[in-house]
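Trainee: got a structure for you, letters missing:
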């Protein structure tokens with residue numbers, strides 16, 4: 001019953017990847033909070049350093065050991081952005097969304113140097129989410 005359900009939910013949450021936990025938090029925590037607050041303007045600090053191969057996508061634990069990062073995919077940025085835009089648009093006094101590029105670096109290869117391909121893909125996906133261009137809500141249910 002309730003205790004068993006909570007235990008099962010906690011167990012599955014513990015087995016999530018960083019990406020799965022991140023996207024679940026957007027859907028279950030951030031979007032409802034935006035709707036409840038009902039802002040008239042949303043200002044996004046659009047950072048892409050949680051992307052799978054981005055240099056900024058690492059974690060460091062309390063012992064100073066590097067851990068695997070969140071590993072978001074470009075499509076996640078589109079979904080995230082579209083969900084946030086949709087949440088704001090549902091607010092009665094909504095005036096719009098502002099997005100400011102904040103982070104994301106690219107990936108590094110010793111032989112070729114800095115490759116900004118992942119940053120470019122994430123930016124394009126974010127803009128698609130802002131404009132809802134190509135956004136099929138049925139794929140994100």
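Mentor: Received, thanks. All figures in this text were calculated on a predicted structure; none of them were measured in a lab. Numbering: from 1, shown residues only.

Trainee: who's in contact with stretch 112-131?
Mentor: Residues outside stretch 112-131 that contact it (CB atoms under 8 Å, 6 or more residues apart in numbering) are 46, 48, 51-54, 72, 74-85, 97, 99, 101, 104-109, 133-135. (Each C-beta comes from the backbone N, C-alpha and C, glycine too.)

Trainee: Can you list the low-confidence ranges for the protein?
Mentor: Within the chain, the ranges that satisfy pLDDT under 70 run 1-14, 60, 133-141.

Trainee: Wasn't residue 30 part of a helix?
Mentor: Yes - when DSSP: H, G, I helix; E, B strand; the rest coil is applied, residue 30 is found to be in a helix.

Trainee: quick one on the thing from earlier: so which of the contacts of stretch 112-131 sit within helices?
Mentor: 74-85 (DSSP state H).

Trainee: And the residues you listed, which is closest to residue 37?
Mentor: Set against residue 37, the nearest of the ones in helices among the contacts of stretch 112-131 by CB to CB is residue 84 (12.3 Å).

Trainee: which stretches of this protein form strands?
Mentor: Along the chain, the segments classed as strands by DSSP state E run 41-47, 58-60, 66-68, 96-103, 107-109, 113-115.

Trainee: separation between the closest residue to residue 87 other than its chain neighbours and residue 90?
Mentor: With sequence-adjacent residues excluded and distances taken as CB to CB, 6 or more residues apart in numbering, residue 87 is closest to residue 34, at 4.2 Å. In this structure, residue 34 and residue 90 are separated by 9 Å, where distance is defined by CB to CB, to the nearest Å.

Trainee: Between the two, which has more neighbouring residues?
Mentor: When residue 34 and residue 90 are compared on other CB atoms under 10 Å, the one with more neighbours turns out to be residue 34, at 18 against 12.

Trainee: which ones are touching the more buried one?
Mentor: Going by CB under 8 Å, 6+ apart, residue 34 touches 42, 84, 87-88, 91.
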